[in-house]
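**Q** Quick one: sequence and predicted model below, then my questions.
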Amino acid sequence: MTYPYRIFIGYSREDLNAVKKIVQVLKELGHEPVWDQNIMPGEEFTNAIKNLIAHSHIFMPFLTENSHGNAWVNQEIGYAEGLNIPVLPLAMGYLPQGMIERYQAIEIKNDLSDLPEKVRTIDFDNIVSLQLNRPRIIKIATFSDERTTLVNDYTDIVLNFGSQAQKNNQDFNGLVRLKGVYSSLSIPDKDANNKIWKRYVGKASRSESYIPLIRKERVNIEKLARQYGLKLIIDPTFTFSKDRGTDATIVRLEILRNFLEKMPDDKVKVVISEEARKGNIMIGGDWFFAESINPGLKGYHQTIFNSFALEVIGEIEKFDKRFEELYNEKGLKENDSRRYTIDFLNNRIDELKKDRGAGVTHARWLSRLFGNKRLIIHTH
């Protein structure tokens, strides 16, 4: 097995005992079975089911005499089909009919005696790969507030699923991957009336909803990072133009530094690279991927969100490959990057404070900081 796939099981309540056995077998094979038992008390059931299906790698309807004609199971099948989630029917007495009739089912005996053997022979990698070229639904945010709203919606989902997994003593992938000049972790976690926001916003104009929206983004990202870990690609050498003011740069670097100072070495890895200027990437666990392009004075003008689980895996692989290349080029050891980055940020902050209002150029700052030493900034 190359990946621990999330497999949503659609079933009739009358088959609960059999489904518990299916869940156990999938876990033993290293997969992550998902079913209605993952829903937290108080959640709206229908929306919770839709979210679980939408973020699954495979939909597995359990076809039995009880589930045949069951309205809930049929709705779940239709929803998975509509999202192009790979469908793998598990049949006990009833073969696929209707909209999933074209799928080859895994047939098992009524006593489930052959269940482990049958599930073990399934080529899950092949099943998911067949769906990669089919159309899928993405969301596009045109402006900054729309982007932040969607970020908060998606990170809420990941945090919720993480709480469910913790409650059920299940493993959970919530590691955050960020690429951006300063990242979401340079956003203040303070009330809207705190004076830090005047420094953060600078001379730029913002909507009334701006502060509570991006503060929640910061809070959610930090929660995920503290619980599950963080990989971060940033470029602290970037400086805002005069419309924001130097202090808007300084305050972001200070906030980011303060965050890193409170993180343990084994929870965070950081790379400093000018690649962070080439678009903004956020990956929440293996649950969603977001990429912002076309930067402007008030944020990115377009952000594409994709929660199609199979494609998120591919984006993770691309991010991790490039991250490790950049990390290795620096020659840093496994747990050195946090401390190294904090020192870099402190130097950068000190220089900006000294040069504030003096018109020192970016090139002169780099020369002053590094002298004749080899620069760590990568321009690939």
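**A** Good, I have the coordinates. Numbers count the residues shown, from 1 in each chain.
**Q** next helix or strand past the longest helix anywhere in the chain?
**A** The longest helix of the chain (DSSP state H) is helix 144-167. Counting by DSSP states H and E, the element after helix 144-167 in chain order, helix or strand, is strand 176-179.
**Q** Would you map the strands across the stretch 151-300 of the chain?
**A** 176-179, 230-234, 268-272, 280-284, 288-296, 299-306 (DSSP state E, counting those that start in this stretch).
**Q** now the shortest one, how far from the centre of its chain.
**A** For strand 176-179, the separation from the chain centroid amounts to 8 Å (computed by CA atoms, centre = their mean, to the nearest Å).
**Q** Direction included, what does it pair up with?
**A** strand 230-234 (parallel), strand 280-284 (antiparallel) (DSSP bridges).
**Q** can you redo these as CSV with distance to residue 324, mean neighbour count and mean pLDDT?
**A** For glycine as for every other residue, the C-beta is placed from the backbone atoms N, C-alpha and C. What follows is these, written out as CSV (distance: least, CB to CB, whole Å; neighbours: other CB atoms under 10 Å; pLDDT from 0 to 100):
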stretch, distance to residue 324, mean neighbour count, mean pLDDT
strand 230-234, 9, 24, 97
strand 280-284, 15, 23, 95
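**Q** nearest to residue 121, of these?
**A** strand 280-284 (32.1 Å; CB to CB).
**Q** CA-only coordinates of that closest one in PDB, if you can.
**A** Once non-C-alpha atoms are left out, strand 280-284 reads as follows in PDB (Å, rounded to 0.1, in the frame of the first residue of the first chain):
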ATOM      1  CA  ASN A 280       0.800  31.600  -2.100                       C
ATOM      2  CA  ILE A 281       0.200  27.900  -1.300                       C
ATOM      3  CA  MET A 282      -1.700  26.400   1.600                       C
ATOM      4  CA  ILE A 283      -2.300  22.700   2.200                       C
ATOM      5  CA  GLY A 284      -4.300  21.600   5.200                       C
END
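**Q** How about residues contacting it?
**A** The contact list for strand 280-284, computed with CB atoms under 8 Å, 6 or more residues apart in numbering, reads 151, 154-155, 158, 174, 176-181, 184, 221, 224, 233, 289-293, 295, 300, 303, 312, 315-316, 319.
**Q** make it 7 Å
**A** With contacts defined as CB atoms under 7 Å, 6 or more residues apart in numbering, strand 280-284 is touched by 151, 154-155, 158, 176-180, 224, 289-292, 300, 312, 315-316, 319.
**Q** lowest confidence element among the helices and strands of this structure?
**A** In the chain, the helix or strand scored least confidently by mean pLDDT, DSSP states H and E is helix 362-370, which has a mean of 52.
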